[in-house]
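Chemist: here is my input, please return the structure:
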Amino acid sequence: MPSIFTSALSDVVHSVEPTSELGTPWQNEHGLSLLPHDIMSSFGRWAAPPHNTIFRMITLYGIPNCDTVKKARVWLAGQQHDFTFHDFKKQGLDEATVRTWLKTLDWEMLVNKKGTTWRALPDERKVAVTSADAAVALMLENPSVIKRPVLVGAGTKAHVGFNNAMYQEIFAA
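Modeler: Got it, this is the predicted structure:
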């Protein structure tokens, strides 16, 4: 049975519309509830998860017509994972994003040397890609050379490519 405090707080909270990408105005920048869990759990559609839960936005980077990206999107939607799709051909890609990926991925894993974009590059451009800095420059210049998809926000590192077993393992943790 809700207490008087819970009822009064519920009236106030329900009168406030979500104002941030976190979904509620009573969460901090990490997605943690600013209210006790037992109070939040009585609020229905905006119920908070356990107090220590940190929300992570899952982002899938790629190109929409790529078959592997399509499979990853279908898998994520089928498993009911909320995610944002970032089309890096249309929406662009910044250096900070690529450098963040490189904190947990090797640049050689990100550069798709089997793809048509790589094969179409002049030989002198290919041989110049010998370091992370050169790879970043190439990926920013021509995002189609990036192996797809890149999944961020599921776990503690970025992931490249897609197969059912890999994604099941990533999301099981």
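
Chemist: what about Glu169, how many neighbours?
Modeler: The criterion is other CB atoms under 10 Å. On that basis, Glu169 has 12 neighbouring residues. Where you see a C-beta, it was placed from the backbone N, CA and C, and this is true even at glycine.

Chemist: and Tyr61, by the same measure?
Modeler: Residues near Tyr61, counting by other CB under 10 Å, number 24.

Chemist: that one: helix or strand, and which one exactly?
Modeler: Here Tyr61, judged by DSSP states H and E, is contained in strand 58-62.

Chemist: that strand pairs with which strands, and in what direction?
Modeler: Note on strand 58-62: by DSSP bridges, its sheet partners are strand 83-87 (parallel), strand 150-152 (antiparallel).

Chemist: the residue nearest to Asp82 when sequence neighbours are not counted bridge partners, please.
Modeler: Spatially, and ignoring its direct neighbours in sequence, Asp82 is nearest to Ile58 (6.7 Å; CB to CB, 6 or more residues apart in numbering). For Ile58, the beta-bridge assignment (DSSP bridges) gives partners Phe83.

Chemist: now the strands paired with strand 58-62 in CSV, with mean neighbour count?
Modeler: Rendered in CSV, the data for the strands paired with strand 58-62 read as follows (neighbours: other CB atoms under 10 Å):
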stretch, mean neighbour count
strand 83-87, 16
strand 150-152, 24
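
Chemist: please look at Asn164 and Leu76 and confirm they touch.
Modeler: No: using CB atoms under 8 Å as the test, Asn164 is too far from Leu76 to be in contact (11.5 Å).

Chemist: which residue ranges of this structure form helices?
Modeler: 4-14, 37-40, 67-78, 95-101, 107-110, 116-120, 123-127, 132-141, 164-172 (DSSP state H).

Chemist: hey, least reliable of these by pLDDT?
Modeler: Within these, the stretch with the lowest mean pLDDT is helix 4-14, showing a mean of 40.

Chemist: domains for this structure, by residue range?
Modeler: Residue ranges for the structural domains of the chain, counted by automatic domain parsing, are given in the record as 4-46, 58-172.
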